[in-house]
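**Student:** Next come a sequence and a model predicted from it.
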Amino acid sequence: MVMMDLSTDVDAVVENIGRLPSEVFSETCHEILLHLQGKTSAVDVVENCQKFQRAGINLDWKLVQDIIRLLSFNFRSAAKSNLTADLLITRLGEASCKWSKPALQVVHQLWTENASNVQAHQEAQAMASIGQLVDIQWKLGMAVSSDTCRSLNSPYISVLMKIADTSGEISYKSFEMTVLQFQNFFRQFKEMASVLETV
């Protein structure tokens, strides 16, 4: 059984998959499998939405996101259960009778080629179970007015981190720190980088 949020109709998602040309569907599946192997940090919904539009299939980002989530869930579940390509196809057919034969052929072929790599990475990731830092940005600012702060006109650093969690979803974390805290933060990152170079 496929688990998605309650507002998502699996048959409707599968019907949208059936509208995609085989080569476009194959590219999307391949991108998801690369992510599940740890070779990319996330699957870009907007990029896939544009790819579908170039192929003449107009789906809004929510529908594209539903496709990516459904496929990711099924590939991840197949990896955890060590399913063969034939068993994965059987499970997909049990979850929805709307799968087209060409789509199932694409899934079968790609799972046959990538299953062992996905399984190995998913096992390793299950042990670590942490997200991946994709990007970090910082800005220097100056506090000029506040209802609660007594020490104004002191500089601060605003940090924004872009993080891909283990499911591939992108989230943002932001926080502020003093210049001294930021210098310590920077020093710790430099130490981590030098340790990683020796590994």
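**Tutor:** Nice, thanks for sending it over. Computed from a predicted model, the values in this text were never measured in an experiment.
**Student:** can you list contacts of stretch 26-33?
**Tutor:** 20, 40, 43, 48, 51, 67-68, 71-72, 75, 106-107, 110, 114, 118, 168 (Cβ atoms under 8 Å, 6 or more residues apart in numbering). (C-beta placed from N, C-alpha, C; glycine too.)
**Student:** and these, which of them are in helices?
**Tutor:** Asn48, Lys51, Ile67, Ile68, Leu71, Ser72, Phe75, Val106, Val107, Leu110, Asn114, Val118 (DSSP state H).
**Student:** Return the distance of stretch 17-32 from the chain's centre.
**Tutor:** 17 Å (Cα atoms, centre = their mean, to the nearest Å).
**Student:** Okay, buried residues for that stretch please.
**Tutor:** Buried positions in stretch 17-32, judged by neighbour count with 16 or more other Cβ atoms under 10 Å: Ile17, Arg19, Leu20, Val24, Phe25, Ser26, Glu27, Thr28, Cys29, Glu31, Ile32.
**Student:** Thr84: how many residues sit nearby?
**Tutor:** By other Cβ atoms under 10 Å, 13 other residues sit near Thr84.
**Student:** Check Ser171 too.
**Tutor:** The burial count for Ser171: 11, using other Cβ under 10 Å.
**Student:** hey, where'd the strands end up in the protein?
**Tutor:** For the chain, the strands defined by DSSP state E occupy 132-142, 155-164, 170-178.
**Student:** out of those, which comes closest to Trp61?
**Tutor:** Across the strands of the chain, the minimum distance to Trp61, taken as Cβ to Cβ, is reached by strand 170-178, at 13.0 Å.
**Student:** export the closest one as CSV, just CAs?
**Tutor:** Taking Å, rounded to 0.1, in the frame of the first residue of the first chain, the C-alpha atoms of strand 170-178 are listed here in CSV:
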residue,chain,number,x,y,z
ILE,A,170,14.6,21.2,1.2
SER,A,171,14.2,23.3,4.3
TYR,A,172,15.7,26.5,5.5
LYS,A,173,17.1,27.3,9.0
SER,A,174,18.0,30.8,10.0
PHE,A,175,19.6,32.2,13.1
GLU,A,176,21.5,35.3,14.3
MET,A,177,24.7,35.5,16.3
THR,A,178,27.2,38.0,17.5
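**Student:** Relative to Lys162, how far out is Val134?
**Tutor:** With distances taken as Cβ to Cβ, to the nearest Å, Val134 is found 4 Å from Lys162.
**Student:** Can you check which residues contact both of those two?
**Tutor:** Common neighbours of Val134 and Lys162 (Cβ under 8 Å, 6+ apart) are Ile170.
**Student:** on that earlier part again, and the ones in helices among the contacts of stretch 26-33, which of them are buried?
**Tutor:** Among the ones in helices among the contacts of stretch 26-33, those scoring as buried are Asn48, Lys51, Ile67, Ile68, Leu71, Ser72, Phe75, Val106, Val107, Leu110, Asn114, Val118 (criterion: 16+ other Cβ under 10 Å).
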